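*Asks:* Test case, fold it:
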Amino acid sequence: MAATTFKDDVDFLSGHTDLVVLDAKKPALVGVAPAWQGRVMTSTPGGEGGPSLGWINRKFIAAGPRGTAFDNYGGEDRFWLGPEGGQFALWFRKGEPFDTAHWRTPEGLNTGRFDVTSQGPGSIALAAHFDVTNYAGTTFQVAVKRIIDVLGPDQLARELGLNVPAGVSWVGFESVNTLANVGKRPWTRDGGLLSVWTLGQLNPLPRGMVIVPFIPGREADLGPLPNGEYFGPIGPDRFSVRDDYVLFRCDGRFRSKLGVSPARARSVLGSFDPDARILTVVQFNLPAAAGRLPYVNSLWEIQDEPLAGDAVNSYNDGEETPGAGQFGPFYEIETSSPAAELAPHEAVTHVHRTFHFTGQLETLNELSQRVLGVDLGEITFPR
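*Replies:* Residues are numbered from 1 along each chain as shown. Here you go, the predicted structure:
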């Protein structure tokens, strides 16, 4: 099936919401939907006729529901808050079981509109205010500011240390997400904490892999290796831990998730599509002392360590049980800020950057080795 073009998706989305197209770095284009929590819906390195790289949930959007358990419009960069599960969960009400039937996205992250505060050809700023209450009954009054910028060669060189070789097309954008406590009480560990959680939904890759570099070392020093069993056992064809990176299938056909602790995480991860020859890189502002900072735990259970969560995650969509249906198909690349212990009027900022590169395999492999430290030639992709 031919890839959907950026224009195809823009035309479709514009029939259902006000879409802002950032085009200051043509032919790199980025589409943002303010009414859908300021999501970056999709992007392309190739102008209007180029491939649309964000996953768009056309069926849900065309049907037009609002206020479901998850108004899943899609989009390759959306703003959420953690934790999802546990005794300080935001997705479950007090006393309810941690299962899909009781899982529900907080209103401010689901139906709340983000208002545009400024806009230019390559940038848009948005803001929102809402309350959110966790499983323990703590209510947080939050203010969110979100700035989305299309990135150019100077930012690429600064953030990834790259000058793009000839023959490679690319698009890059960042979301700068600031979370502030606008209530009268401090946010404390006793009542639960929040984190900025940025998630990107991408089109499933039949033979592709998510590639997650991590810091190697003894578990006695750095804690557990990356975890791929959030939703139960997963086979080595879908989750493989190498010396210093993890491979994770992202075909949208098996519900699974991986996580990397802040002590193991690096500030970059990505994915590779061997068929379309697209290398995706996500980079974020991982603190230098991340391994010593609290990160919220999103596991769907009452937890022994609610502040021993992950800095990096990836989700592959699939059915929870045979015949149950699924959200997508899509896969996600996710990054999180440390838990925010904020006094009134204090704030935390989390930056999440997405880059897509397309070109010849040899050149993309050079980029992968420089940025991810991974030789694509060492990866056996499914047939």
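*Asks:* Any idea how far stretch 198-216 is from the middle of the chain?
*Replies:* 10 Å (Cα atoms, centre = their mean, to the nearest Å).
*Asks:* Any idea how far apart the tips of it sit?
*Replies:* End-to-end distance for stretch 198-216, by Cα to Cα, to the nearest Å: 25 Å.
*Asks:* Could you work out the end-to-end span of stretch 126-145 for me?
*Replies:* End-to-end distance (Cα to Cα), stretch 126-145: 6 Å.
*Asks:* what's the average pLDDT for it?
*Replies:* For stretch 126-145, mean pLDDT rounds to 98.
*Asks:* Give me the buried positions along the longest helix along the chain.
*Replies:* If you go by DSSP state H, the chain has its longest helix at helix 361-371. For helix 361-371, the neighbour count (16 or more other Cβ atoms under 10 Å) marks Thr363, Leu364, Asn365, Glu366, Leu367, Ser368, Val371 as buried. The C-beta positions use only the backbone N, C-alpha and C, and glycine is treated the same way.
*Asks:* and it, C-alpha only, in PDB?
*Replies:* What follows is helix 361-371, C-alpha atoms only, in PDB (Å, rounded to 0.1, in the frame of the first residue of the first chain):
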ATOM      1  CA  LEU A 361      21.000   2.500   3.700                       C
ATOM      2  CA  GLU A 362      24.700   3.100   3.900                       C
ATOM      3  CA  THR A 363      24.300   6.700   4.800                       C
ATOM      4  CA  LEU A 364      21.600   6.000   7.300                       C
ATOM      5  CA  ASN A 365      23.800   3.400   8.900                       C
ATOM      6  CA  GLU A 366      26.500   6.000   9.300                       C
ATOM      7  CA  LEU A 367      24.000   8.300  11.100                       C
ATOM      8  CA  SER A 368      22.800   5.500  13.300                       C
ATOM      9  CA  GLN A 369      26.300   4.700  14.400                       C
ATOM     10  CA  ARG A 370      27.100   8.300  15.100                       C
ATOM     11  CA  VAL A 371      23.900   9.100  17.000                       C
END
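*Asks:* Point out the other helices and strands that it packs with.
*Replies:* strand 268-273, strand 278-284, strand 347-358 (3 or more Cβ pairs under 8 Å, 6 or more residues apart in numbering; DSSP states H and E).
*Asks:* So for Phe140, which of the ones you listed sits nearest?
*Replies:* The minimum distance between Phe140 and these falls on strand 347-358, with 12.6 Å, by Cβ to Cβ.
*Asks:* That closest one pairs with which strands, and in what direction?
*Replies:* Using DSSP bridges, strand 347-358 pairs in its sheet with strand 169-181 (antiparallel), strand 278-284 (antiparallel).
*Asks:* Counting by contacts, list what the next helix-or-strand element following the last one packs against.
*Replies:* Tracing the chain C-terminally past strand 278-284 and defining elements by DSSP states H and E, one meets strand 312-316 next. Under the contact criterion of 3+ Cβ pairs under 8 Å, 6+ apart, strand 312-316 touches strand 209-213, strand 245-249, strand 256-260, strand 331-336.
*Asks:* Can you add distance to Ala324, mean pLDDT and mean neighbour count and give those strands back as TSV?
*Replies:* Converted to TSV, the helices and strands packed on strand 312-316 look like this (distance: least, Cβ to Cβ, whole Å; pLDDT from 0 to 100; neighbours: other Cβ atoms under 10 Å):
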stretch	distance to Ala324	mean pLDDT	mean neighbour count
strand 209-213	23	98	25
strand 245-249	20	97	24
strand 256-260	15	96	24
strand 331-336	18	98	26
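*Asks:* which one of those strands lies closest to Leu286?
*Replies:* Across these, closest to Leu286 is strand 331-336 (Cβ to Cβ), at 8.0 Å.
*Asks:* neighbouring contacts of that closest one?
*Replies:* Here strand 331-336 makes contact (Cβ atoms under 8 Å, 6 or more residues apart in numbering) with 82, 195-202, 204-205, 210, 250-252, 269-271, 280, 282, 284, 286, 295-296, 309-317, 350, 352, 354.
*Asks:* Give the bridge partners for the closest residue to Leu364 other than its chain neighbours, please.
*Replies:* Nearest residue to Leu364, sequence neighbours excluded (Cβ to Cβ, 6 or more residues apart in numbering): Leu279, at 4.6 Å. Here Leu279 sits in beta bridges with Phe272, Phe357, going by DSSP bridges.
*Asks:* again, but for Ser118
*Replies:* Residues in beta-bridge contact with Ser118 (DSSP bridges): Ala125.
*Asks:* What about Gly318, how many residues nearby?
*Replies:* As a burial measure, Gly318 scores 19 neighbours (other Cβ atoms under 10 Å).
*Asks:* Within the helices and strands, which one has it?
*Replies:* Using DSSP H and E, Gly318 falls outside every helix and strand.
*Asks:* Save the strands paired with strand 347-358 as TSV, and put in mean pLDDT and distance to Asp149 too.
*Replies:* Formatted as TSV, these follow (pLDDT from 0 to 100; distance: least, Cβ to Cβ, whole Å):
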stretch	mean pLDDT	distance to Asp149
strand 169-181	98	5
strand 278-284	98	14
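*Asks:* Give me whichever of the ones you listed is most buried.
*Replies:* Across these, averaging neighbours per residue (mean count of other Cβ atoms under 10 Å) puts strand 278-284 on top, at a mean of 24.
*Asks:* ok, back up a step: wait, doesn't the residue nearest to Leu364 sit right on Gln369?
*Replies:* No: with contacts counted by Cβ atoms under 8 Å, Leu279 stays clear of Gln369, the gap being 10.8 Å.
*Asks:* residue boundaries of the helices in the stretch 1-150 of the chain?
*Replies:* Ranges of helices within the stretch 1-150 of the chain are 6-14, 58-63, 107-110, based on DSSP state H, counting those that start in this stretch.
*Asks:* picking up where we left off before, out of the helices and strands packed on strand 312-316, which gets nearest to Gly323?
*Replies:* strand 256-260 (18.1 Å).
*Asks:* Pull out the buried residues from the helix or strand containing Gln201.
*Replies:* Assigned by DSSP H and E, Gln201 belongs to strand 195-202. Neighbour-count burial for strand 195-202, counted by 16+ other Cβ under 10 Å, picks out Ser195, Val196, Trp197, Thr198, Leu199, Gly200, Gln201, Leu202.
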